[in-house]
Each structure stands twice: as structure tokens, then as C-alpha cells.
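[1] Sequence and predicted structure, then a few things I'm wondering about:
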Amino acid sequence: MLKKIIFMGSPIFAVPILKSLYQNGYPLSVVYTQSPKKSSRGMKTQKSPVHLMAETLNIDVRTPDTLKDNSVEYNFLKNLDADLAIVVAYGQILPENFLSLTKKGFINIHASILPHWRGAAPIQRSIINLDEKTGLSIMKINNRLDTGPVCKKYEIEIKRQDNAETISEKLSLIASEKILDDIDDIMADKANFIDQDHDKATYAKKIEKAEGKINWNLGADEILGLINGLYPSPGAWFTYKSERYKILRAEIGNSNGEPGIVMSENLEVGCKEKSLKIIEIQREGKKVQKSGEFLLGSKIIKGSNLNNV
């Protein structure tokens, strides 16, 4: 059994992995996570999901704003003399001089099949890109973003009804189960780390809210990929009479109509190819509604033009 493990993570995606390590007896010495952020109303600070779970499990938590040029955290980890660090969507780039502070290195659980979709938003980009599969890569962190050698890959299918939330949940569950054996192999020097083919690399840049604007001149499959890839946040959206509407769930229709024009009383919208049936929609500042409920009081009716008017 290991002597000391460092865990670094922040979002809900990382929580099942942290819990699994704890419940299976792996000795977690400290958890690093993003520092608490002010809520949208600015009244209270919000701790990350990993922070809250670590407190529940009574594990020491550290929340530096940055590790760059941070001698306090460098010396803390140096003195800790840990065996291994597990990094899961921590949200900070680790300085190169930190990477030698554990005996077996810093291991990253990355939510893509590397070298595809290196970067900040691999799940969202894979769905938006209409990829047929995605997965996890267990890799050793080096001095460049998501370029280190990989010891294990786990693939899953992306189904049409999947969105960023469901894929995240599936991958997090797989990671929470598989990482246990992977850690054992790494500690026993049985893991076979293989260099990535850098010529095949693609990059998953951070999602910007403006990317969610729907272009009805695209095919329905592409628009659905955008909706699913950006669910639940920041969301795919259109404007109608100066108000923004976010589409949370939709499905493909087989009708043909003019792009951006509402074709029926059931919120079916024409696209370049096929059509899009809106299932859940949210008017700016209002609650999420099923299409039937939404239509009871909506200005959007059959024949409405949703092309950003």
C-alpha cells in the first residue's frame, strides 16, 4: 500500500474518483483544489465540489490561487515527500519544477483519447465535432499541456442522446473504477507508458459563450451536436425579437424547411438538412420549460423566423 498520495481536482467530474480512492483505502495526504469563488450574486463564496467532498472525508485541503512561483506550496510538497499525485481537472497548469516532487510523478486523468482533444474542454469538443467515441487517457504529466506519455486508454461510444453532462458522468464513473488498478501498476513499475503521436494531436480550446449561437444554415445533426455539447452550460442559443432563448434538449426531425423558420405548432425548426424538434427551451431570465408548456404563452409560433431577428 502507498504511503502518501496527493489529489488535485476541482469540478464534480473529479469527485467520484476522489471518493473511490478514499473508500478503497488509498492514503490521501492532501487535496489541492481551486480556491473558493464568489457566487453570481457576490454575497457568498462557493467552494469547489472537490473541496466540499474533501472536507466531508476529513482530508486536508489547500487552495492556492496559483502554483507558479509559489515557494510555500513548493516547499510543502517537497517536505511531504509523496509517492504519487493524481490530477483530475484541477484547473491550473503545474509548474515544471513541481513535477519532480513525488516519487512516481504526477498522473493526469484526461477526458479524451489522446492525442485527440488536448486541452480544457475535451468532452464538449468531441460532442460538438460529432465524434462517434470518446474516453479517458491515463497519462504522466510533463512540461507541456496534455502531451505526456499514456499508459491506459478507455473508450466509450457517444450516442445521439448523449450530452456533455451524461458523457462526463459516464467517464467519471469509469475513471473511479479503473484508476485503482492503474495506480497499483504505476507504483509497482508495471505500467507501460507510451509516447503520444503528436502529429495527430487536436486541441479542445476553452468554450466561449459566443460559440453557443445557433446557425440555422447548418444541418440539424451539427446543431444538435452544439446543443448537446454545450449542455447544461453555457448552452446553445438563438435570439428572437431581441430576446435570447437557450435550447437544452432537442431531437432530429426528418422534415425539410427553410433554415430558421418554425415549421409546425410543435417547435420544429428548419435547418440546412433535416429539421430540429425543440424539446426543452429556456427564455432568458425564465425557467426551463418543455416545448408544450413554453408554447402556451410564447411569441414564437409556426412561421416565426429564428434567424437572429
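    That came through, no problem.

[2] can we go C-alpha only for contacts and neighbour counts from here?
    Fine.

[3] quick one: low-confidence ranges for the chain?
    Within the chain, the segments meeting pLDDT under 70 span 1-2, 40-43, 309.

[4] how's it carved up into domains?
    Residue ranges for the domains of the chain, per automatic domain parsing: 5-204, 210-296.

[5] Now do stretch 95-114: distance to the chain's middle.
    Relative to its parent chain, stretch 95-114 has a centroid offset of 19 Å by CA atoms, centre = their mean, to the nearest Å.

[6] Would you mark the buried spots in that stretch?
    95, 98-99, 101-102, 104-114 (16 or more other CA atoms under 10 Å).

[7] thinking again about what came up before, dump the domains of the chain into JSON lines; add distance to Asn308 as well.
    Formatted as JSON lines, the domains of the chain follow (distance: least, CA to CA, whole Å):
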{"stretch": "domain 5-204", "distance to Asn308": "21"}
{"stretch": "domain 210-296", "distance to Asn308": "5"}
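
[8] so where do the strands sit in the stretch 51-200 of the chain?
    With strands called from DSSP state E, counting those that start in this stretch, the stretch 51-200 of the chain shows them at 61-62, 84-88, 106-110, 118-119, 133-140, 150-157.

[9] just checking, what packs against the second one?
    In this case it means strand 84-88. Packing partners of strand 84-88 (3 or more CA pairs under 8 Å, 6 or more residues apart in numbering; DSSP states H and E): strand 5-9, strand 106-110.

[10] neighbouring strands for the longest strand along the chain, and are they parallel or not?
    Criterion DSSP state E: the longest strand present in the chain is strand 243-253. Within its sheet, strand 243-253 is paired with strand 236-240 (antiparallel), strand 275-283 (antiparallel), according to DSSP bridges.

[11] Any buried residues in the shortest one, and which?
    Think strand 236-240. Buried residues in strand 236-240, counted by 16+ other CA under 10 Å: 236-239.

[12] Please enumerate residues in contact with that strand?
    211-214, 226-227, 230, 244-248, 305-309 (CA atoms under 8 Å, 6 or more residues apart in numbering).

[13] residues contacting Ser71?
    Counted by CA under 8 Å, 6+ apart, Ser71 has zero contacts.

[14] re earlier: contact partners of the longest strand of the chain?
    220-221, 224, 227-228, 231-232, 235-239, 268, 274-284.

[15] related to what we said a few turns ago, can you put the strands paired with strand 243-253 in TSV and add distance to Asn58?
    Listed next are these as TSV, based on distance: least, CA to CA, whole Å:
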stretch	distance to Asn58
strand 236-240	39
strand 275-283	39
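
[16] Can you name the element that comes right after the lengthiest helix in the chain?
    If you go by DSSP state H, the chain has its longest helix at helix 164-187. Under the assignment DSSP states H and E, the closest C-terminal helix or strand after helix 164-187 is strand 203-204.

[17] Thr239 bridge partners, please.
    Assessed by DSSP bridges, Thr239 has beta-bridge partners Arg244.

[18] Compute the distance between it and Lys286, please.
    Distance, Thr239 to Lys286, using CA to CA, to the nearest Å: 14 Å.

[19] And Trp237, by the same measure?
    Distance, Trp237 to Lys286, using CA to CA: 14 Å.

[20] now do Val30
    From Val30 to Lys286 the distance is 41 Å (CA to CA).

[21] More neighbours: the two, which one.
    Set Val30 next to Lys286 and count neighbours by other CA atoms under 10 Å: Val30 wins out with 21 against 9.

[22] OK, contacts around the residue nearest to the more buried one when sequence neighbours are not counted?
    Spatial nearest neighbour of Val30, excluding adjacent residues (CA to CA, 6 or more residues apart in numbering): Asp60 at 4.9 Å. Contact analysis of Asp60 by CA under 8 Å, 6+ apart lists 29-31, 54.

[23] What subset of these is buried?
    Judged by 16+ other CA under 10 Å, buried ones among these: 30-31, 54.

[24] Identify, from the buried residues of stretch 95-114, the entry nearest to Phe76.
    Using CA to CA, Leu101 is the member of those that lies nearest Phe76, at 9.8 Å.

[25] And the strands paired with strand 243-253: which comes nearest Ile123?
    Using CA to CA, the nearest of the strands paired with strand 243-253 to Ile123 is strand 236-240, at 15.5 Å.

[26] Can you classify Gly303 by secondary structure?
    On the three-state scheme (DSSP: H, G, I helix; E, B strand; the rest coil), Gly303 is labelled coil.
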